[in-house]
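S.K.: What follows is a protein structure lacking sequence information:
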């Protein structure tokens, strides 16, 4: 069964303390891996798409990387406004359908 | 340009009533998804539309749930005879095509009392 697992479930950082969030997946045939940010009471906001192992994408303090088994979202020198839940999702390249399968998310709290 | 729009933003209904949730996708997007997010939980896939193809209904939890997409644009998710366990945030997303990023609306918070 295709699985997407995110760790840790929750992460507390001090402002400026860099860290990484993990998204591991066991899918047969990855079409794409997507990172989203979700603030309380809002819909997920798209951040990055990664398609192949070795690919990297950057946006401000965030950098997403991809291997054949997992993706990392690196947060450099985070600020309190980076506090949110970060979700990853995968889309498979097979006959199982075209839905996005989401992980459980990592709830990030950045303290000033 | 406008993003994905969902209405209503909040809906309170009595157990046993039917509800309709609406999604206006981004213009030109051929793919449309419905997801459900219960309090503190992850996103649960419900249904997927792609162009004129038959929808993927594999995530619908029971036959009380149905959805349609008219003219390849607006979609309506209908829940019949609502139950308390149906209480959740219902999220809609659209994508230009399969394999590209999906953009989400703000969701409809459904409360069944």
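M.R.: Done, it's in. Keep in mind the model is a prediction, meaning the values are calculated, not measured. Numbers count the residues shown, from 1 in each chain, chains lettered A, B, ... in the order given.

S.K.: Could you use CA atoms for every contact and neighbour count after this?
M.R.: Fine.

S.K.: which stretches of chain A form strands?
M.R.: Taking DSSP state E to define them, one finds strands in chain A at A:3-7, A:10-14, A:19-26, A:30-38, A:45-50, A:56-59, A:62-66, A:70-75, A:84-92, A:101-102, A:106-111.

S.K.: Among those, which comes closest to residue B:108?
M.R.: strand A:30-38 (15.0 Å; C-alpha to C-alpha).

S.K.: Show me what the closest one is packed against.
M.R.: Contacts defined by 3 or more C-alpha pairs under 8 Å, 6 or more residues apart in numbering or on different chains; DSSP states H and E place strand A:30-38 against strand A:45-50, strand A:84-92.

S.K.: residue contacts, residue 30?
M.R.: Because you didn't say which chain, this covers chain A. Contacts for residue A:30 were tallied using C-alpha atoms under 8 Å, 6 or more residues apart in numbering or on different chains; they are A:51, A:90-93.

S.K.: The intended chain is chain B.
M.R.: Residues near residue B:30 by C-alpha under 8 Å, 6+ apart: B:49-51, B:72-73, B:94-97.

S.K.: which non-adjacent residue is nearest the residue in chain B positioned nearest to chain A?
M.R.: Going by C-alpha to the nearest C-alpha, chain A is nearest to residue B:106 of chain B, at 4.4 Å. Excluding its sequence neighbours, the residue lying closest to residue B:106 (C-alpha to C-alpha, 6 or more residues apart in numbering or on different chains) is residue A:43, at 4.4 Å.

S.K.: Check residue B:100 and give its pLDDT.
M.R.: Listed pLDDT for residue B:100 reads 89.

S.K.: With the one 4 residues further on instead?
M.R.: We have a pLDDT of 97 for residue B:104.

S.K.: which stretches of chain A have low pLDDT?
M.R.: Where chain A drops to pLDDT under 70, the residues are A:1-2, A:94-97.
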